[in-house]
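# Test case, fold it:
(chains A and B)
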Amino acid sequence: MSLLDVRNVHKTYANGIKILKDVNFSIERKECLGLVGESGCGKSTLARLILQIDSFDQGSILFEGNALQNKSERRLKPYRKNIQAVLQNPATALNPKLRIKDSLMDPYLQFGSQVNLKHFTYTSEANFIGQLLESVGLPKSFAERYPHELSGGQKQRVTIARAISIEPALIILDEPASSLDVLSQAEVLKLLGGLRETLDISYLFISHDLPAVQEMSHQIIVMKGGVIVDSFEKEQLFCSDRHSYTKELISMFE
Amino acid sequence: MELVIKKKSKRRWRMTVLFTVMATVLAVAAYTLLILKHDPALVNLGERLWPASMEHPLGTDHLGRDVLTRLLLGAQLTVGYGLLSLFAAVIIGVPFGVIAGFKGGLIDRIFMRIADAFLAFPDTIVAIVLSGLLGPGIENLLLAIVLVKWVNYARLVRSTVITEHQKDYVTVAKINGLSSFGIMRKHLFPHLIGNVLVLSSLDLGKIILLISSLSYIGLGAQPPAPEWGAMLNDARPYFQSNMLLMIYPGLAIVFVVLLSNILGDYLRDAFDVKKEVES
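Below you'll find the model as predicted:
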């Protein structure tokens, strides 16, 4: 059984725009699935559907074989503890009025009693926050800081630390590096790659940056205008039978 | 670096002084009754319009009442009424704003139309009309002030909730299964409290001005209440012979209004975490 199955999902916005048309794919355990496509093709909408903060019209999303749609927030809780997200813009992903430690504690305060941590251990809040910050290469002293005292790359590391804090099975990475400078981009991607191996997490890595996706993922799907046009193992990226749109994307990065 | 620390400590020092002064004003206002030597309402025509003396440090008014006593008691009335109506406006406005901002849709639209109706008229006009309709008196004036002021708080809170609600950190909180109440308490409340405090300290000055000006024209506090605006009105006929009788309450009003404005500015800086570091 796959970790996550997305089957025949359709989504129409209130203004009548069909943003997703018959989307199908699955994510295996401990695997990174890359999702590539241009801006506005429905990548982030898809992420919101998987994260259950938006509803869809047709189809189903299954986590470990259990359908998620039409569930009350209470019944979604066992699912929410297994899925986290790192969003595109670290500047707005942390509450500017809260210290880093308070932002980091959100997932644990919600799900701490229901999860069995393997990598981290919770003895005290300060100790736990210290472990989280260290795991993303930040000094423990950052716990007391406010988000505006950190650089973009550092903030993104904090949001990554928040996402891994309850050791979820799946993390949705919605363009996690695109708003960072080139150096921070490389560092964040390297960090994410390392964490996946240590913590045995699956990723859905959403990006328009084909080389980054190729670097991170095992399997790649290509989306255009709300439709998945191509799907392949990353080694087959340069095969001649790729879809014309995939070839177009490849040529842009050459 | 040294300069930044110096600037910060200088500001902190000023802030402390301001708070002390404001606290003193409030304390004086609250405890005036305990330290009074004279009855503020006791008419003694034998002592009318006396100049300053040891017995009456600021002299006596046209009915022979001690001006200092009345001024101090006036602080209690004016600042006390100001705080009371402000508190009521916040208590009514904040929940309205939270509900409208959070729920959106029809509730929000209905709320906005009500708010527009209140905002269409200037504060003073509404207060005058209401005082006129319900009759002069401090209770009706306070009611009028609450009616015109609650909208500001509701709108402020509503717009803060709407702006912050769209940010990614709220999305992440939803992903983490936080309830609306949890999001409100942990993530939005810290944004609201600063904004509301700053607006209310700025508003306090305006409200005091409104109470005083309406009392001056006879719609607020009624004689013999020693409200500062009413005292101004009482002293008006003696403007040429005993000018000080108007200057004392006038200065008192200016002092408290300025104080609340400056305090509002400092509070705004204090709640802006980002600005503190940049400056």
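
# for the residue lying closest to A:T12 once chain neighbours are set aside, phi and psi?
Leaving out its chain neighbours, the residue that sits closest to A:T12 by Cβ to Cβ, 6 or more residues apart in numbering or on different chains is A:K18, at 5.1 Å. (C-beta placed from N, C-alpha, C; glycine too.) Backbone torsions of A:K18, given as degrees, to the nearest 10, read phi -80, psi 110.

# Determine the number of other residues adjacent to A:K18.
14 (other Cβ atoms under 10 Å in any protein chain shown).

# State the distance from A:P168 to A:A85.
Plainly put, A:P168 is 9 Å away from A:A85 if you go by Cβ to Cβ, to the nearest Å.

# Tell me the buried residues in the host helix or strand of B:I247?
Assigned by DSSP states H and E, B:I247 falls within helix B:244-271. Across helix B:244-271, burial judged by 16 or more other Cβ atoms under 10 Å in any protein chain shown covers B:245-246, B:248-250, B:252-253, B:256-257, B:259-260, B:262-264, B:266-268, B:270-271.

# That helix - contacts with which helices or strands?
Counting contacts by 3 or more Cβ pairs under 8 Å, 6 or more residues apart in numbering or on different chains; DSSP states H and E, helix B:244-271 packs against helix B:2-35, helix B:67-103, helix B:189-216, helix B:228-235, helix B:273-278.

# Quick check: nearest residue in space to the residue nearest the centre of chain B, chain neighbours excluded?
Nearest to the mean C-alpha position of chain B, by Cα atoms, centre = their mean, lies B:L204 at 1.5 Å. With Cβ to Cβ, 6+ apart as the criterion, B:L204 has its nearest non-adjacent residue at 4.2 Å, and that residue is B:S260.

# gap between that neighbour and B:D269?
15 Å.

# With A:A14 instead?
41 Å.

# which residues does the closest residue to chain A within chain B contact?
Here the residue of chain B nearest chain A is B:P190; by Cβ to the nearest Cβ that distance is 3.8 Å. Shown in contact with B:P190 (Cβ atoms under 8 Å, 6 or more residues apart in numbering or on different chains): A:95, A:97-98.

# ok, now with 7 Å
If a contact means Cβ atoms under 7 Å, 6 or more residues apart in numbering or on different chains, then B:P190 has A:97-98 as its contacts.

# so is B:D108 in a helix, a strand, or just coil?
Using DSSP: H, G, I helix; E, B strand; the rest coil, the structure places B:D108 in helix.

# In this structure it contacts B:V98, no?
No: with contact defined as Cβ atoms under 7 Å, B:D108 does not reach B:V98; the gap is 11.3 Å.

# These two - which one has more neighbours?
B:V98 (20 against 16).

# Can you read off the pLDDT for the more buried one?
B:V98 carries a pLDDT value of 93.

# Distance check, it against B:P223.
42 Å.

# And B:L199, by the same measure?
33 Å.

# what about the stretch 51-200 of chain A, any weak spots by pLDDT?
Counting by pLDDT under 70, the stretch 51-200 of chain A contains no low-confidence range.

# Right, and chain B sits closest to which residue of it?
For the stretch 51-200 of chain A, Cβ to the nearest Cβ, closest residue to chain B: A:K97, 3.8 Å.

# any idea how far that residue is from B:V161?
Taken as Cβ to Cβ, the span from A:K97 to B:V161 is 14 Å.

# which residues touch A:K30?
A:200, A:202.

# Recalculate using a threshold of 8 Å.
A:196, A:200-202.

# Out of these, name the ones that lie in strands.
If you go by DSSP state E, those have A:S202 in strands.

# Can you say which of the contacts of A:K30 are buried?
Buried positions within these, assessed by neighbour count (16+ other Cβ under 10 Å), are A:196, A:201-202.

# who are the neighbours in contact with residue 137?
The chain I'm using is chain A. The contact partners of A:G137, by Cβ under 8 Å, 6+ apart, come to A:157, A:191.

# meant chain B, my bad for not saying
B:G137 makes contacts with B:131, B:220, B:222, as judged by Cβ under 8 Å, 6+ apart.

# For it, give me the pLDDT.
Predicted confidence (pLDDT) for B:G137: 84.

# Tell me the spacing between it and B:P223.
Relative to B:P223, B:G137 is positioned 12 Å away (Cβ to Cβ).

# Close to chain A: what parts of the stretch 51-200 of chain B are there?
Contact residues (Cβ under 8 Å from any Cβ of the partner chain) of the stretch 51-200 of chain B with chain A: B:167-169, B:171-179, B:186-187, B:190-191, B:194.

# Tell me if A:V6 really is in a helix.
No: counting by three-state DSSP, A:V6 falls outside a helix, being strand.

# Quick check: it touching A:F25?
Yes: the criterion here is Cβ atoms under 8 Å, and A:V6 meets it with A:F25 at 5.4 Å.

# More neighbours: which of the two?
The neighbour comparison of A:V6 against A:F25 (other Cβ under 10 Å) goes to A:V6, with 22 against 19.

# Was I right to think B:M15 contacts B:D265?
No: the criterion here is Cβ under 8 Å, and B:M15 misses it with B:D265 at 10.3 Å.

# What segments of the stretch 1-150 of chain A are helices?
Secondary structure of the stretch 1-150 of chain A by DSSP state H, counting those that start in this stretch: the helices cover A:43-50, A:73-80, A:90-93, A:100-111, A:125-135.

# Render the CA-only coordinates of the second one in CSV, please.
Looking back up the chat, that one is helix A:73-80. Extracted in CSV, the C-alpha atoms of helix A:73-80 (Å, rounded to 0.1, in the frame of the first residue of the first chain):
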residue,chain,number,x,y,z
GLU,A,73,-11.4,18.0,12.2
ARG,A,74,-11.5,15.7,15.1
ARG,A,75,-11.3,12.6,12.9
LEU,A,76,-8.6,14.2,10.8
LYS,A,77,-6.3,14.4,13.8
PRO,A,78,-4.6,11.0,13.4
TYR,A,79,-3.8,12.1,9.8
ARG,A,80,-2.6,15.5,10.6
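
# Any part of that helix near chain B?
Yes: against chain B, helix A:73-80 shows contacts by Cβ under 8 Å from any Cβ at A:73, A:76-77, A:80.

# Also the fourth one?
Yes: if you take Cβ under 8 Å from any Cβ as the test, helix A:100-111 does meet chain B, through A:102-103, A:106-107, A:110-111.

# sorry, back to before: now the helix holding B:I247: mean pLDDT?
Per-residue scores along helix B:244-271 average to 86.

# repeat for stretch B:175-190
Here the average pLDDT along stretch B:175-190 is 91.
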